[in-house]
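In: Sequence and predicted model, in that order:
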Amino acid sequence: MTPHDLLPPPTLDVAFDVTVDLGPLEDHGVTSAGHRRVVPILGGRITGAVEADILPGGADWQVVRPDGTIEIDGRYSARTASGDMLLLHAKGLRTGSPEVLERLGRGEDVDPRSYCFRTTVAVETAAESLAHLPRSLFLAVAQRQASTVLYRAYRVG
């Protein structure tokens, strides 16, 4: 037995669900960072441990790797009914077979079990009532649809 064997395994608890409404993809071509795409965030909704409306103005700043894997870097704001503000940062990867990635690229509805779309989600807020969110690590499982992204965020324990 090593000291590593004594470390507790992480747990995952459902924290919140997110629906993000997307604008048309903006292809910026191959930049110094790689093949850059920007997907505007038009709005959406967060439900679960926090209830909030996603505000227009965020974006997912993507880099498409040569194998078709997409590096996700989404940043957006949300507001609760009481006016508390949240900043969310989703960072991760979407990858799969070339055929599945092509179908997703055409906006087809693809079974989310046929590809891997995972992100971490960091939450920032000044609201005391939501102070538990920035102290948590969230892992999300996502699905890309034609004009939305759906994800479920799990609190890592």
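Out: Noted; the coordinates are in hand.

In: What segments of this structure are strands?
Out: Along the chain, counting by DSSP state E, strands occupy 12-22, 26-31, 34-48, 52-54, 58-64, 70-79, 85-95, 116-125, 138-144, 148-156.

In: tell me the angle the last one makes with strand 138-144.
Out: For the pair strand 148-156 and strand 138-144, the angle between their directions (axes from the mean of the first three to the mean of the last three C-alpha atoms, to 10 degrees) equals 160 degrees.

In: and strand 148-156, what other elements does it pack with?
Out: strand 12-22, strand 116-125, strand 138-144 (3 or more C-beta pairs under 8 Å, 6 or more residues apart in numbering; DSSP states H and E). Quick note: C-beta positions are derived from backbone N, CA and C, even for glycine.

In: Check the fourth one too.
Out: Strand 52-54 is packed against strand 12-22, strand 34-48, strand 70-79, with contacts defined by 3+ C-beta pairs under 8 Å, 6+ apart.

In: now do the fifth one
Out: Under the contact criterion of 3+ C-beta pairs under 8 Å, 6+ apart, strand 58-64 touches strand 34-48, strand 70-79.

In: buried residues in the longest one?
Out: Neighbour-count burial for strand 34-48 flags Arg36, Arg37, Val39, Pro40, Ile41, Leu42, Gly43, Gly44, Ile46 (criterion: 16 or more other C-beta atoms under 10 Å).

In: got the helices and strands packed on strand 58-64 as TSV, with mean pLDDT columns?
Out: Output for the helices and strands packed on strand 58-64, formatted as TSV (pLDDT from 0 to 100):
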stretch	mean pLDDT
strand 34-48	97
strand 70-79	98
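
In: Go ahead and name everything in contact with the worst-scoring helix or strand of the chain on mean pLDDT.
Out: None of the helices or strands of the chain scores lower by mean pLDDT, DSSP states H and E than helix 98-105, at a mean of 93. Applying C-beta atoms under 8 Å, 6 or more residues apart in numbering, the external contacts of helix 98-105 come out as Gly68, Arg94, Thr95, Gly96, Val110, Ser114, Tyr115, Arg144.
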